[in-house]
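In: Sequence and computational prediction follow.
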Amino acid sequence: MPEFSENQACYPFYRAGLVQGLMMDLKSQIDQEKLPRHIAVIMDGNGRWAKQHGKPRVFGHRNGVKAVRETTEAAAELGIEYLTLYAFSTENWKRPQTEVGALMHLLVETLHKEINTLSKNNIRLKAIGQIEKLPEKTYKALLDGIKNTAGNTRMTLVLALNYSAKWDIVQAAGKLAEKAADKVILPGEIDETAFANELSTAGMPDPELLIRTSGEYRISNFLLWQIAYAELFFSPVFWPEFRKQHLYEAIIDYQRRERRFGQISEQVIADKPV
């Protein structure tokens, strides 16, 4: 058996030190006065990451839980108010039933394990989407988690489950149509604010930063109305490997951009407080 040198034996600790140093350096570059209030994440690449490691797709989903934990922790530490994670889309039901079943089981397992941690960190859990159509055990675990963290105030973690942005827009339009038919609201009173108040994200600020992992450049039917003015950040990193430093990189990139909202640069500069 070959003997390891002292340098080889120390390498894992050396590498861990480098990573920690990188994280601290990146974190120090973040302007606390320019944080996005709401970050949304399309967690992509679990299956491809598992394939790279010669494992079944569910192996990637399981390892993605650590990325969820680290991203949630990092966002809360920074002072982000809302973090929305695209956990399961309505289109995901088309996947093989074995994978869908494993995902639902993993969600229940994760909720049971992580709810106490969320409460200890004063993080509230919410969900958007057609959650009532989830399997009974999954739906119950989710409702229990939402109930048990309802009083927490540090940050809100939003899980988009059985979610479709097109469904969200259609159901909002349907609610307004019913209100108009009942004369609760006049058609002429329907504006952007009235419409946003019927979306599943009512009461939340719109995301200012949308992150998608795995190198894909798609929105995939996620928060289409809400991200009208979000900054988009596409990371090549597969979701199971996404860590705090990657979130920091996305926020730093966001803070370097000029958010004009239809104005020109000179107007934005003139509007800034002196």
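Out: Nice, thanks for sending it over.

In: what number of residues lie near the closest residue to R57 other than its chain neighbours?
Out: Closest residue to R57 apart from its sequence neighbours, by Cβ to Cβ, 6 or more residues apart in numbering: G47 at 4.1 Å. Any C-beta I mention is one placed from the backbone N, CA and C, and that applies to glycine too. Neighbourhood size, G47 [other Cβ atoms under 10 Å]: 21.

In: Show residues contacting the helix or strand containing Y254.
Out: If you go by DSSP states H and E, Y254 is part of helix 244-256. By Cβ atoms under 8 Å, 6 or more residues apart in numbering, the residues outside helix 244-256 that reach it are 19, 22-23, 26-27, 29-31, 34-36, 39, 70-71, 73-75, 78, 208-209, 211, 213, 231, 233, 235, 237.

In: Make sure the residue nearest to R57 is actually in contact with G60.
Out: Yes - when contacts are counted by Cβ atoms under 8 Å, G47 is listed as touching G60 (5.4 Å).

In: Any chance you could list what contacts stretch 29-41?
Out: Outside of stretch 29-41, the residues within contact range by Cβ under 8 Å, 6+ apart are 71, 75, 78-86, 204-213, 222-223, 226-227, 230-231, 247-248, 250-252, 254-255.

In: What is the neighbour count of V170?
Out: When neighbours are counted by other Cβ under 10 Å, V170 registers 11.

In: which residues touch it?
Out: V170 touches nothing, counting by Cβ under 8 Å, 6+ apart.

In: repeat that for 10 Å
Out: With contacts defined as Cβ atoms under 10 Å, 6 or more residues apart in numbering, V170 is in contact with S164.

In: what's the answer for P187, then?
Out: L176, A177, K179, A180.

In: Can you check what pLDDT the model gives it?
Out: On pLDDT, P187 comes in at 96.

In: on that earlier part again, in whichever strand or helix holds the residue nearest to R57, which of the residues would be classed as buried?
Out: Using DSSP H and E, G47 falls within helix 46-52. By neighbour count on 16 or more other Cβ atoms under 10 Å, the buried set for helix 46-52 is N46, G47, R48, W49, A50.

In: cool, and stretch 156-169?
Out: T156, L157, V158, L159, A160, L161, N162, Y163, S164, A165, W167, D168.

In: so what's the third one closest to, chain neighbours aside?
Out: Distance criterion Cβ to Cβ, 6+ apart; nearest residue to V158, sequence neighbours excluded, is T84 at 4.0 Å.

In: so what pLDDT did the one you found get?
Out: 98.

In: how about the strands in the protein?
Out: For the chain, the strands defined by DSSP state E occupy 38-42, 82-89, 123-128, 155-163, 209-212, 231-234.

In: now for those strands, which one comes closest to I146?
Out: strand 123-128 (5.3 Å; Cβ to Cβ).

In: who does the closest one pair up with?
Out: strand 155-163 (parallel) (DSSP bridges).

In: Quick check: mean pLDDT of the partner strand?
Out: In this model, strand 155-163 has an average pLDDT of 98.

In: going forward, begin numbering at 132 instead of 1
Out: Got it, the first residue is 132 from now on, which makes the last one we talked about strand 286-294.

In: circling back: list only buried entries from the contacts of stretch 160-172.
Out: 202, 206, 209, 211-217, 335, 337-344, 353-354, 357-358, 361-362, 378-379, 381-382, 385-386.

In: wait, what's in contact with the closest residue to K268 other than its chain neighbours?
Out: Distances taken as Cβ to Cβ, 6+ apart place V239 nearest to K268, at 5.4 Å, with adjacent residues excluded. For V239, the contact set (Cβ under 10 Å, 6+ apart) comprises L265, P266, K268, T269, Y270, K271, A272, L273, G276.

In: how does it look with 6 Å?
Out: K268, T269, A272 (Cβ atoms under 6 Å, 6 or more residues apart in numbering).

In: Good, we can wrap up now.
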